[in-house]
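Peer 1: Predicted model and sequence follow; I will ask about them next.
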Amino acid sequence: MPKVSAKRQITLPASQCRIAGIEPGDEYRSFIAGKRITIVRREPGDAWGCLKHLRADEAVSEEQSRQDAIERRRPTVR
């Protein structure tokens, strides 16, 4: 089983990389939801133009925006 190194690095199993089509040097995105990390290989032009109609709020950081999106997805406990 792979382990996290002292530098917080991980090694992805070769079999999983083959299935996901991940090659050395590929770029990726990682997302956190709860205590799970999802790794997604980036495709060239994968988001080109799909958000062009949106305007960024310069007063909000990417991290603040991400945390806000995560909070909105969590079910409220009643």
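Peer 2: Structure received.

Peer 1: give the contact list for the residue nearest in space to the middle of the chain.
Peer 2: Closest to where the C-alpha atoms of the chain average out (CA atoms, centre = their mean) is S30, at 2.3 Å. By CB atoms under 8 Å, 6 or more residues apart in numbering, the contact list for S30 reads I37, T38, I39, V40. For every residue, glycine as well, the C-beta is placed using N, CA and C.

Peer 1: that's a helix at E71, yeah?
Peer 2: Yes: under DSSP: H, G, I helix; E, B strand; the rest coil, E71 falls within a helix.

Peer 1: Could you count how many residues lie near it?
Peer 2: If you count neighbours by other CB atoms under 10 Å, E71 ends up with 8.

Peer 1: R41 too?
Peer 2: If we define neighbours as other CB under 10 Å, then R41 has 14 of them.

Peer 1: measure stretch 33-45 end to end?
Peer 2: Start-to-end span of stretch 33-45 (CA to CA, to the nearest Å) is 25 Å.

Peer 1: which residue sits closest to P2, ignoring its sequence neighbours?
Peer 2: Distances taken as CB to CB, 6 or more residues apart in numbering place T11 nearest to P2, at 5.0 Å, with adjacent residues excluded.

Peer 1: surely R41 meets Y28?
Peer 2: Yes: in this structure R41 lies within contact range of Y28 using CB atoms under 8 Å: 5.3 Å.

Peer 1: Name the residues contacting each of the two.
Peer 2: Shared contacts of R41 and Y28, defined by CB under 8 Å, 6+ apart, are found at I22.
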